[in-house]
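K.L.:
Quick one: sequence and predicted model below, then my questions.
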Amino acid sequence: MRFFARFILILLFSLLTFSISAQRPDAPTYALRGQYPVGTRDFTIEDETRPLTVTIWYPAQNPDNLPEQTDYRLGILRYDGGRALRDAVPLADGAPYPVVFFSHGSSGYRFQSTFLTEHLASYGFIVIATDHPTNTVVDAINEDLFLNNIPLNFAHRPQDILRTINFADSLNIEGDFAGLLDIDNLAVMGHSFGGYTSFILGGAHLNFDKLNEICSRSTENPELLYNACFIADYEAEIAKLWGYDTPPDGEWNSLTDTRIKAVVALAPWNAPIVSISPTVPYPPTLIIAGSADSVTPIGRDALGYYAMLSPQRTSFIQFDNADHYIFVDKCFEQAIQFGFFDSCSDDVWDMERAHDLINHFVTSFLIGELKGDTNAQSVISEANFTGITIQPAHTTPVQMLNIIATAPHASNAYTQGLVYHNGLFYESTGIYGQSSLREVHPETGEVLRQVNLPSEYFAEGLALVDDRLIQITWRENVALVYDINTFEQIDTYAYEGEGWGLCYDNELLYMSDGSEVITIRDPQTFEVITTFPITLDGTPVTRLNELECPPNEDFIIANVWQTQYLVKIDKTTGKVQAVLDGANLLNYFDGNFANTDAVLNGSAYDSETNTWYMTGKLWDTMFVVEW
């Protein structure tokens, strides 16, 4: 977190400022300034313990065509170069205006991204940003206190925005802004920690059980969790701020407002601590991140959030080779001279070009979602810019899993692998000290035979090759081989890396390790033959878990861990042919899972009757499904 210190020095020596420059000639449509003059005002939301300072940008009257120039102040610091009219009278023509709430990054401030907040106001939005007390650049002067307060802001920040929404309600009742806010048409937007804040406000849940499990499973890439797992030490304190006496299991209550219709997350932080319920509709979402982000790694955070969301209501935009700070206003030239280029600029991207494209994407998304403009809605899906990788709301078909029949399933089975053979299920169950291999009756769920693994093994995927059941393990780097007739262990195979899912298509073995890569192995020796990446409309699909390989077919079915989705993968190209939505299976339980680990996982195929079976970890029901 030493990047905070650099941010502080820049500001304290007045090296950071906002510059006004001419519009680039290659600016795309929605990067051009909008039709409305922009006004700005500051307000204070009074409170004895946590007063909030907010800035509002809005369409303004400008009958004298005055130049739109202002400065912004944070304590003793002053920043020149704003493109707005200070305290101008709001413009009633075109009202009411949709409202966008902006949440700054950690050690940021409410006007850290005026290139965007002012720009949105020029297109007929009212944008409201608040400083999050104890988490601004001024607070970061006392580094120890600042760092101690970061975990508490996991609760404070969304509560700050909810208070700001209440303030907007009152603003819309009387005074200059009365009737000008479309208060039932809201969006939340944030950068870094503000991206987390926005996701929570959209209806996501804090989930420490998920954080702890991910942190425990990420031994191969500990650097990806360097600024995420420490939050677990503050669970009790955050829970009290959330309103709990003791931390609850699983998903915490959401801190949201039903009037929020869209979410924009810019390089969002800490996806491992967040879960999004698959049974509750989530607002349309736009995620933008840099592929070289060194603060919020894109694979952990931006793509982590993306994997939790509906593929038909979420767009993902990647700035190739961009780092974390393309979303803040660019440096004043002196900042570069003093060596702080990396904290307010980018090693690869020209900031003006990055800001033009960010403005273009965010503005078109919000116009489409909050104003219903169909032309704007198509901008992201049709965009083609060098250095930009765009994953619009998925074009790959999404197919619902429909329940045909149900049968009992052992609720103590932490299902990691499932095979159907000769009228019986063979099931691998996980957890240290509880892992097992089971033979199960499909109609009754009765366990007919069971082998318990030694406590040092965490069982994972399962495949049947001839008369040998091959059961892989999570981090133990060993596959256990059993005779299906006697259930005796007859061999072992060693391998490198983690084991998640395994399946056999009567020719080859396919194995997942929780990443976007599937490994093909020799079924007789378990040696690696090759690997191939899995992509959905060009975007890597990570957290591939349990696998099923129907014989004589060109596809693999893979569960995506901690989601309601499975993906149908072309075995030749690695491309996802279809997304299978398991919402109906989760809705069968009305979301009443006592354990957050009780996720969809486990599919088996009966080739003789063309029947698909699916279940989940700790589920008491096995489903027959079709799609």
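P.N.:
Here it is on my side, so go on. Everything quoted here is computed from the prediction, not taken from an experiment. Numbering: from 1, shown residues only.
K.L.:
in the stretch 101-250 of the chain, which ranges drop under the pLDDT threshold?
P.N.:
Across the stretch 101-250 of the chain, the ranges flagged by pLDDT under 70 are 217-224.
K.L.:
For it, which segments count as strands?
P.N.:
For the stretch 101-250 of the chain, the strands defined by DSSP state E, counting those that start in this stretch occupy 126-130, 181-191, 205-206.
K.L.:
quick one, which of these is nearest to Glu143?
P.N.:
Taking CB to CB, strand 181-191 is the member of the strands of the stretch 101-250 of the chain nearest to Glu143, at 20.7 Å. In this view, the C-beta of every residue, glycine as well, is placed from N, C-alpha and C.
K.L.:
Adjacent strands (with direction) for the closest one?
P.N.:
Sheet pairing for strand 181-191, assigned by DSSP bridges, gives strand 97-103 (parallel), strand 260-266 (parallel).
K.L.:
Would you convert those into TSV that also reports mean neighbour count and distance to Tyr588?
P.N.:
TSV is the format used below for the strands paired with strand 181-191 (neighbours: other CB atoms under 10 Å; distance: least, CB to CB, whole Å):
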stretch	mean neighbour count	distance to Tyr588
strand 97-103	27	36
strand 260-266	26	28
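K.L.:
can you put the ones you listed in CSV and add distance to Thr53?
P.N.:
Formatted as CSV, the strands paired with strand 181-191 follow (distance: least, CB to CB, whole Å):
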stretch, distance to Thr53
strand 97-103, 13
strand 260-266, 21
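K.L.:
Tell me which of these sits nearest to Ile141.
P.N.:
strand 97-103 (21.0 Å).
K.L.:
what's the angle between the closest one and strand 126-130?
P.N.:
Put simply, strand 97-103 runs at 20 degrees to strand 126-130, going by axes from the mean of the first three to the mean of the last three CA atoms, to 10 degrees.
K.L.:
circling back: tell me which of the strands of the stretch 101-250 of the chain is the most buried.
P.N.:
strand 126-130 (a mean of 26; mean count of other CB atoms under 10 Å).
K.L.:
what sits up against it?
P.N.:
Strand 126-130 is contacted from outside by 45, 52-59, 97-104, 110-111, 117, 120-121, 160-161, 164, 167-168, 177, 180-181, using CB atoms under 8 Å, 6 or more residues apart in numbering.
K.L.:
Apply 6 Å and report the result again.
P.N.:
Outside strand 126-130, the residues within contact range by CB atoms under 6 Å, 6 or more residues apart in numbering are 52, 54-58, 97, 99-102, 110, 117, 120-121, 160, 164, 181.
K.L.:
quick one, phi/psi of Ile45?
P.N.:
phi -90, psi 110 (degrees, to the nearest 10).
K.L.:
Secondary structure element holding the nearest residue to Val478 once chain neighbours are set aside?
P.N.:
Distance criterion CB to CB, 6 or more residues apart in numbering; nearest residue to Val478, sequence neighbours excluded, is Thr492 at 5.4 Å. Taking DSSP states H and E as the criterion, Thr492 maps to strand 489-494.
K.L.:
That strand: how far from the chain's middle?
P.N.:
Taking CA atoms, centre = their mean, to the nearest Å, one finds the center of strand 489-494 at 39 Å from the center of the full chain.
K.L.:
same check, this time on stretch 404-412
P.N.:
How far stretch 404-412 lies from its chain's middle: 31 Å, per CA atoms, centre = their mean.
K.L.:
got the buried residues for it?
P.N.:
Neighbour counts using 16 or more other CB atoms under 10 Å place 407, 409-410 of stretch 404-412 among the buried residues.
K.L.:
That one: end-to-end distance?
P.N.:
Start-to-end span of stretch 404-412 (CA to CA, to the nearest Å) is 24 Å.
K.L.:
Can we start the residue count at 41 from this point?
P.N.:
Sure, I'll start numbering at 41, so the last one becomes stretch 444-452.
K.L.:
which residues sit against that stretch?
P.N.:
With contacts defined as CB under 6 Å, 6+ apart, stretch 444-452 is touched by 483, 485, 655, 658-664, 666.
K.L.:
Tally up the residues packed near the closest residue to Trp652 other than its chain neighbours, please.
P.N.:
Of all residues not flanking Trp652 in the chain, Val665 sits nearest, at 5.2 Å (CB to CB, 6+ apart). Other residues near Val665 come to 20 when the count uses other CB atoms under 10 Å.
K.L.:
picking that back up, and the strand holding Thr532, average pLDDT?
P.N.:
Averaged over strand 529-534, pLDDT sits at 96.
K.L.:
For that strand, C-alpha coordinates in CSV please.
P.N.:
What follows is strand 529-534, C-alpha atoms only, in CSV (Å, rounded to 0.1, in the frame of the first residue of the first chain):
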residue,chain,number,x,y,z
GLN,A,529,-7.0,-48.4,-4.2
ILE,A,530,-4.7,-49.9,-6.8
ASP,A,531,-2.4,-47.0,-7.9
THR,A,532,-1.5,-43.4,-7.7
TYR,A,533,-0.4,-40.7,-10.1
ALA,A,534,1.6,-37.6,-9.3
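K.L.:
helices and strands around that strand, which ones?
P.N.:
strand 518-523 (3 or more CB pairs under 6 Å, 6 or more residues apart in numbering; DSSP states H and E).
K.L.:
if you set the cut-off to 10 Å instead, what comes out?
P.N.:
Strand 529-534 is packed against strand 508-513, strand 518-523, with contacts defined by 3 or more CB pairs under 10 Å, 6 or more residues apart in numbering; DSSP states H and E.
K.L.:
Just name the most buried of these.
P.N.:
For these, the highest mean count by mean count of other CB under 10 Å goes to strand 508-513, at a mean of 24.
K.L.:
still on that earlier bit, what's near enough to touch the residue nearest to Trp652?
P.N.:
440-446, 620, 622, 624-625, 643, 651-654 (CB atoms under 10 Å, 6 or more residues apart in numbering).
K.L.:
Now, of those residues, which are buried?
P.N.:
The neighbour count (16+ other CB under 10 Å) marks 441, 620, 622, 625, 643, 651-654 as buried among those.
K.L.:
could I get those residues as JSON lines with secondary structure, pLDDT and distance to Asp507?
P.N.:
Formatted as JSON lines, the buried ones among the contacts of Val665 follow (DSSP: H, G, I helix; E, B strand; the rest coil; pLDDT from 0 to 100; distance: CB to CB, whole Å):
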{"residue": "Leu441", "secondary structure": "coil", "pLDDT": "91", "distance to Asp507": "31"}
{"residue": "Leu620", "secondary structure": "strand", "pLDDT": "91", "distance to Asp507": "31"}
{"residue": "Gly622", "secondary structure": "coil", "pLDDT": "88", "distance to Asp507": "32"}
{"residue": "Leu625", "secondary structure": "helix", "pLDDT": "89", "distance to Asp507": "32"}
{"residue": "Ser643", "secondary structure": "strand", "pLDDT": "94", "distance to Asp507": "22"}
{"residue": "Thr651", "secondary structure": "strand", "pLDDT": "94", "distance to Asp507": "22"}
{"residue": "Trp652", "secondary structure": "strand", "pLDDT": "95", "distance to Asp507": "24"}
{"residue": "Tyr653", "secondary structure": "strand", "pLDDT": "96", "distance to Asp507": "21"}
{"residue": "Met654", "secondary structure": "strand", "pLDDT": "94", "distance to Asp507": "25"}
